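A.B. asks: The sequence isn't on hand, but the structure is:
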């Protein structure tokens with residue numbers, strides 16, 4: 001059972017600014033953070049002193065100044081800096097567990113979750129872990145409220161609206177009973193509509209009939225309630241460790257043309273190439289992140305057959321990918337940030353000393369990579385297994401530029417171009433000799449008269465598998481010119497006639 005810790009960072013934008021030293025000149029006065037909206041500057045965060053004066057997030061700055069006579073320190077909102085600082089704090093919190101997830105949009109981007117199931121005993125128990133986390137945050141001048149429960153939704157509700165606390169396993173419903181319905185991360189308009197119906201507490205909501213609620217408010221309301229009490233799962237999106245090879249570029253004016261995106265990616269790769277070369281590595285896979293002006297992020301993953309540090313190769317593959325996507329890229333009003341991260345690396349021998357573009361057709365790896373981007377499908381090839389049985393001797397595996405050496409593989413007779421996944425029975429078989437090839441047979445409702453036959457090739461079952469009958473394979477050509485691969489299973493007797501099957505087609 002998961003055990004989720006929710007850490008709500010009170011006044012997080014203010015705390016981030018104070019820790020960054022942005023307000024060192026006026027540490028003794030109230031401080032607020034405001035963001036520009038259509039109606040003017042609006043408060044999004046206030047510190048304890050400003051809250052004591054009656055200021056609350058959501059109020060316009062002009063009204064707040066007119067209502068109070070005390071001067072306040074106003075700082076512009078910087079969501080990117082807040083998110084970056086929260087990301088660093090999440091990485092620090094991995095000292096307690098490897099599962100750390102920042103708050104999302106529904107929670108307000110001002111806290112994080114920790115799943116401490118299986119890790120709390122390393123700190124002497126859950127209470128000791130929470131005490132240590134609280135102490136360290138307090139020493140870092142980071143005010144926070146912390147709660148522990150079985151689900152992220154319950155832990156968040158208690159930390160944000162219930163003052164924190166530790167809930168015993170299985171006690172989610174009781175802990176949530178008296179909290180307001182807004183603690184379920186509902187839209188404010190939905191919470192107000194519920195309040196007008198008299199459903200102000202989660203307990204009132206849980207006791208109400210579900211069908212009328214679903215008809216009036218949709219599935220979201222019941223989903224949030226079920227996630228809080230643990231009836232539906234809510235996975236956490238963990239914070240990723242910083243990548244060693246990553247580059248980002250922002251634009252004052254949004255871009256959207258594919259040529260500009262490709263050129264930017266090439267320059268980013270050119271900046272990463274010296275760092276990869278110093279480490280003796282090359283990129284086996286890269287991820288291009290395109291952030292639109294409305295916050296939507298599009299990602300494109302490129303995979304290479306061989307490690308590379310060549311920006312021109314990234315440019316070529318990305319051009320093919322964007323050509324295939326076309327309007328599906330959906331740039332909207334444009335991309336304001338482009339990032340390139342190396343997600344998989346491989347060793348490159350020291351003999352590669354120059355970043356030059358290989359000529360067209362220089363290697364099979366370039367052809368395979370280009371086809372993968374153009375077709376949009378994973379490239380596969382046939383691999384060989386140590387088995388004599390035809391249906392077990394080959395398998396589909398990811399395509400690689402260099403084929404493994406097949407030294408020691410026994411020379412086999414020709415195999416059909418099309419091997420059926422499962423052999424199909426042949427009917428009405430007439431053979432001139434009991435152990436000879438067929439003279440005629442019926443397969444797929446068509447009668448085949450054999451004009452020529454080669455064989456037999458005897459293939460026995462593998463001794464380490466369950467014993468099975470031997471097979472005698474023949475390459476037969478019927479009067480219409482069709483060449484089939486057929487086999488007789490076992491040996492015919494007076495009591496048991498021979499069984500014939502078609503296993504493949506040569507043409």
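C.D. replies: That came in fine, so what should we check first? Since this is a predicted model, take the numbers as computed values, not measurements. Numbering: from 1, shown residues only.
A.B. asks: Let me know the pLDDT of the closest residue to residue 471 other than its chain neighbours.
C.D. replies: Excluding its sequence neighbours, the residue lying closest to residue 471 (CB to CB, 6 or more residues apart in numbering) is residue 487, at 4.4 Å. In this view, the C-beta of every residue, glycine as well, is placed from N, C-alpha and C. Residue 487 carries a pLDDT score of 94 in this model.
A.B. asks: Can you give me the neighbour number for residue 487?
C.D. replies: Here the number of neighbours of residue 487 (other CB atoms under 10 Å) works out to 23.
A.B. asks: The chain - how does it break down into domains?
C.D. replies: 1-29+72-242, 246-356, 418-505 (automatic domain parsing).
A.B. asks: Return the distance of the host helix or strand of the residue nearest to residue 471 from the chain's centre.
C.D. replies: Using DSSP states H and E, residue 487 falls within strand 483-489. With CA atoms, centre = their mean, to the nearest Å as the basis, strand 483-489 stands 46 Å off its chain's centre.
A.B. asks: Likewise for stretch 188-203?
C.D. replies: 35 Å.
A.B. asks: Look at it and report the distance between its end residues.
C.D. replies: 18 Å (CA to CA, to the nearest Å).
A.B. asks: Flag the shaky bits of the chain, pLDDT-wise.
C.D. replies: Low-confidence segments of the chain (pLDDT under 70): 22-28, 240-243, 350-382, 386, 395-412, 463-467, 507.
A.B. asks: Next up, the contacts around the residue nearest to residue 471.
C.D. replies: Applying CB atoms under 8 Å, 6 or more residues apart in numbering, we find residue 487 in contact with 423, 459, 471-474, 500-501, 503.
A.B. asks: Repeat that for residue 186.
C.D. replies: 194, 220-221, 224.
A.B. asks: ditto for residue 502
C.D. replies: 420, 423-426, 443, 484-486 are the contacts of residue 502 under CB under 8 Å, 6+ apart.
A.B. asks: doesn't it fall inside a strand?
C.D. replies: Yes. Assessed by DSSP: H, G, I helix; E, B strand; the rest coil, residue 502 belongs to a strand.
A.B. asks: For the longest helix belonging to the chain, name the packing helices and strands.
C.D. replies: As assigned by DSSP state H, the longest helix anywhere in the chain is helix 258-279. With contacts taken as 3 or more CB pairs under 8 Å, 6 or more residues apart in numbering; DSSP states H and E, helix 258-279 sits against strand 246-255, strand 281-292, helix 311-325, strand 335-347.
A.B. asks: mind checking which of these is nearest residue 63?
C.D. replies: strand 335-347 (31.6 Å; CB to CB).
A.B. asks: partners of that closest one, with directions?
C.D. replies: Paired with strand 335-347 in the same sheet, following DSSP bridges, are strand 246-255 (antiparallel), strand 281-292 (antiparallel).
A.B. asks: So in terms of bridging, what pairs with the closest residue to residue 281 other than its chain neighbours?
C.D. replies: Nearest non-adjacent residue to residue 281, counting by CB to CB, 6+ apart: residue 345, 4.3 Å away. With DSSP bridges as the criterion, residue 345 is bridged to residue 283.
A.B. asks: which residues touch residue 345?
C.D. replies: 245, 276, 279, 281-284, 307.
A.B. asks: Which of the residues you listed has the largest number of neighbours?
C.D. replies: Going by other CB under 10 Å, residue 283 tops the contacts of residue 345 with 27 neighbours.
A.B. asks: That one is in contact with residue 344, isn't it?
C.D. replies: Yes. With contact defined as CB atoms under 8 Å, residue 283 reaches residue 344; the gap is 7.4 Å.
A.B. asks: returning to what we had before: next, give me the two most distant ones among the contacts of residue 345.
C.D. replies: Taking CB to CB, no two of the contacts of residue 345 sit farther apart than 279 and 284, at 13.4 Å.
A.B. asks: quick one: the residue nearest to residue 471 and residue 458, what's the gap?
C.D. replies: 9 Å (CB to CB, to the nearest Å).
A.B. asks: any common contacting residues for these two?
C.D. replies: Shared contacts of residue 487 and residue 458, counting by CB under 8 Å, 6+ apart, come down to 471-473.
A.B. asks: Name the SS class of residue 17, please.
C.D. replies: Strictly by three-state DSSP, residue 17 counts as helix.
A.B. asks: Can you give me the neighbour number for it?
C.D. replies: 24.
A.B. asks: thinking it is in contact with residue 31, fair?
C.D. replies: Yes. Between residue 17 and residue 31 there is a contact under CB under 8 Å: 7.4 Å.
A.B. asks: give the contact list for the spatially closest residue to residue 61 that is not a sequence neighbour.
C.D. replies: Nearest residue to residue 61 in three dimensions, chain neighbours excluded: residue 41, at 4.0 Å (CB to CB, 6+ apart). Contact analysis of residue 41 by CB under 8 Å, 6+ apart lists 34-35, 60-62, 74.
A.B. asks: The nearest residue in space to residue 236 that is not next to it in sequence: which element?
C.D. replies: Leaving aside its chain neighbours, residue 236 sits nearest to residue 101 (3.8 Å; criterion: CB to CB, 6+ apart). Per DSSP H and E, residue 101 falls inside strand 100-102.
A.B. asks: Residues contacting that strand, please?
C.D. replies: So strand 100-102 is in contact with 83, 86-87, 90-91, 93-94, 109, 111-114, 152, 236-239, going by CB under 8 Å, 6+ apart.
A.B. asks: Am I right that residue 158 is in a strand?
C.D. replies: No. In this structure, residue 158 is helix, not part of a strand, as judged by three-state DSSP.
A.B. asks: what's near enough to touch the residue positioned nearest the centre of the chain?
C.D. replies: Residue closest to the average C-alpha location in the chain (CA atoms, centre = their mean): residue 237, at 9.5 Å. By CB under 8 Å, 6+ apart, the contact set of residue 237 is 101, 104.
A.B. asks: if we go to 10 Å?
C.D. replies: 101-102, 104, 113 (CB atoms under 10 Å, 6 or more residues apart in numbering).
A.B. asks: Next, give me the two most distant ones among the residues you listed.
C.D. replies: Farthest pair in the contacts of residue 237, by CB to CB: 104 and 113, 9.8 Å.
A.B. asks: now the strands for the stretch 401-507 of the chain?
C.D. replies: Counting by DSSP state E, counting those that start in this stretch, the stretch 401-507 of the chain has strands at residues 418-431, 438-443, 446-459, 471-478, 483-489, 499-505.
A.B. asks: Number of residues surrounding the closest residue to residue 472 other than its chain neighbours?
C.D. replies: Ranked by CB to CB, 6+ apart and with sequence neighbours excluded, the top spatial neighbour of residue 472 is residue 456, at 3.9 Å. Residues lying near residue 456 (other CB under 10 Å) number 16.
A.B. asks: Surely residue 53 touches residue 72?
C.D. replies: Yes. Taking CB atoms under 10 Å as the definition, residue 53 is a contact partner of residue 72 at 7.9 Å.
A.B. asks: neighbour count winner among these two?
C.D. replies: The neighbour count for residue 53 versus residue 72, taken as other CB under 10 Å, is higher for residue 72 (21 against 15).
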